[in-house]
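>>> Just a sequence and a predicted model for now, questions to come.
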Amino acid sequence: MANALNHWKDVVCRTVEAQRAALIELSGRIHRCPELKFVEHRAAAWLAEYLEGVGFTVDRQAYGLPTAFAARIGNGAPQVALLCEYDALPGIGHACGHNIIAAAGAGAGAALAAVVGATGGSVVVLGTPAEEGGGGKVLMARQGAFQNVAAALMVHPAGRDLAGMHVLALSQVEAEYRGRAAHASAAPHHGINALDALVTAYNGIAQLRQHIHPTERIHGIITDGGQAPNIVPERAAGIFCIRSATELALAELKKRVLACFKAGALATGTELHLRTLGEDYADMWTNQPLIETYAANLQRLGRQLANGTPGATAIVGSTDMGNVSKLVPAIHPMIAVAPPNVPLHSVEFAHWAGTQAGHRSVIDGAKALAMTALDVLCTPALVAAMEEAFARSAGSRVGCHDPTAVL
């Protein structure tokens, strides 16, 4: 079996090489045409067309989402899911490099299509919209997208090759204050200042940040501060991200942030209206046997994971892949696209995502994902080890919500 597996790995790598021009063109096209969450119509269509062209049966508008898709090939278990993201960021395009995620996932699917008839098992390439705050994977999971999936794989661009990023649980909320307008000079005493309420809350959160854990983050923006300086603002609003190391810790931190919002309303006599935006994101359970398998395959391509080496600073962020990792064994490794000093979500990173370095990561990412998926398809002992590690992660989840409740 080992000889056959190595042969199939050679085949999938050759298949990716044969698809090199098409995959780079696909990545570049998505990069040049950035689309925001839930309106990624062109990217979803391009990916679906590509996968149909290499033999997949594609369900467009899958799981109730207009820009999701599910492309399937093969039969039976185990089933491996390859995840594609393709939404961009407002104002700065593909500054998270989702064009690379999409093309690498599609390329891995194309490679596996060439061998899955011989290996057995099945492959599903999932187009998952709205990772940037919309929680597309969470919505798809609610509709059963990850039922019968043995492993969920994706690769994310970064400044280094890493086993993953430090994924924080995330909740995004909008705070709206409603007061009463008045002439700010002639009759200020008739007004109730909604902006003062929001500023009071903002300052309370700023003070709270001195006394939270190093793994916690609170950050936000004011989206409405009034209409004119000579009118007492009757409405003010802001959007805030709250992050913590685990879902349980996030729930506790949200209580403290809520107290700051309430303080703004109490101090000014305004009405406070809070609503959650999108879906709460979970922290990530990186499946250790699966990431070790990926690391070995990446090494075959001349890349080495930098975790634990000097200067390999951890990347901190949030992703709805964390929610997926609470349902099935999953990995979210990072692949080097830019120099280590170029941060994600920056104009500079958006540039690098469209360069030759980005193209190389599409090809290497597709090969590494395809080879890792092959290991899952062909190695029952690996599947058993993945399931055991997943069960240990679930068993250590003391005091947390049930994984299915998160979704």
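On my side now, so go ahead.
>>> How about the secondary structure of residue 226?
State at residue 226, reduced to three classes by DSSP: H, G, I helix; E, B strand; the rest coil: coil.
>>> Give me the neighbour count for it.
Residues within reach of residue 226, counting by other CB atoms under 10 Å, total 20. The C-beta positions use only the backbone N, C-alpha and C, and glycine is treated the same way.
>>> Give me the distance between it and residue 196.
10 Å (CB to CB, to the nearest Å).
>>> Same question for residue 301.
57 Å.
>>> So which of the two has more stuff around it?
residue 196 (20 against 16).
>>> quick one: what helix or strand has the more buried one in it?
Secondary structure assignment for residue 196, by DSSP states H and E: helix 194-208.
>>> In that helix, which residues are buried?
194, 195, 196, 197, 198, 199, 200, 201, 202, 204, 205, 208 (16 or more other CB atoms under 10 Å).
>>> so residue 220 is in which element?
strand 217-224.
>>> how distant is that strand from the center of its chain?
20 Å (CA atoms, centre = their mean, to the nearest Å).
>>> do the same with stretch 123-136
8 Å.
>>> how long is it end to end?
20 Å (CA to CA, to the nearest Å).
>>> got it, and stretch 123-140?
Start-to-end, stretch 123-140 (CA to CA) is 17 Å.
>>> so how far is it off the chain centroid?
8 Å.
>>> what about it, average pLDDT?
On average, the pLDDT along stretch 123-140 is 98.
>>> ok, now stretch 334-353?
The model assigns stretch 334-353 a mean pLDDT of 97.
>>> on contacts alone, who are the packing partners of the helix or strand hosting residue 274?
Remark: residue 274 resides in strand 271-281, with elements defined by DSSP H and E. Contacting strand 271-281 under the criterion 3 or more CB pairs under 8 Å, 6 or more residues apart in numbering; DSSP states H and E are the following elements: helix 136-142, strand 169-178, helix 247-268, helix 321-325.
>>> quick one, that strand and helix 247-268 angle?
Angle of strand 271-281 versus helix 247-268, following axes from the mean of the first three to the mean of the last three CA atoms, to 10 degrees, is 170 degrees.
>>> What are the contacting residues of strand 271-281?
With CB atoms under 8 Å, 6 or more residues apart in numbering as the test, strand 271-281 has contacts from 130, 133-135, 138-139, 167, 169-179, 197, 239, 247, 250, 258, 261-262, 264-265, 318-320, 322-323, 406.
>>> Out of the buried residues of helix 194-208, the closest to residue 230 would be?
residue 195 (13.1 Å; CB to CB).
>>> For the protein, give me the ranges with low pLDDT.
Low-confidence segments of the chain (pLDDT under 70): 1, 308-313, 397-407.
>>> who's in contact with the residue most central in space within it?
Central residue of the chain (CA atoms, centre = their mean): residue 319, 3.3 Å from the mean position. For residue 319, the contacting residues are 131, 156, 165, 167, 281, 284, 332, by CB under 8 Å, 6+ apart.
>>> run the last query once more with 7 Å
131, 167, 281, 332 (CB atoms under 7 Å, 6 or more residues apart in numbering).
>>> Please tell me how far the closest residue to residue 98 other than its chain neighbours sits from residue 294.
Leaving out its chain neighbours, the residue that sits closest to residue 98 by CB to CB, 6 or more residues apart in numbering is residue 85, at 4.5 Å. Residue 85 sits 18 Å away from residue 294, going by CB to CB.
>>> Tell me which of the two has more neighbours.
residue 85 (28 against 24).
>>> wait, doesn't that one sit right on residue 103?
No - Residue 85 lies out of contact with residue 103 (CB atoms under 7 Å); the separation is 10.8 Å.
>>> Domain map for this structure?
For the chain, automatic domain parsing gives the domain ranges 2-166+283-406, 169-280.
>>> tell me which residues in the host helix or strand of residue 294 are buried?
Assigned by DSSP H and E, residue 294 falls within helix 288-300. By neighbour count on 16+ other CB under 10 Å, the buried set for helix 288-300 is 288, 289, 290, 291, 292, 293, 294, 295, 297, 298.
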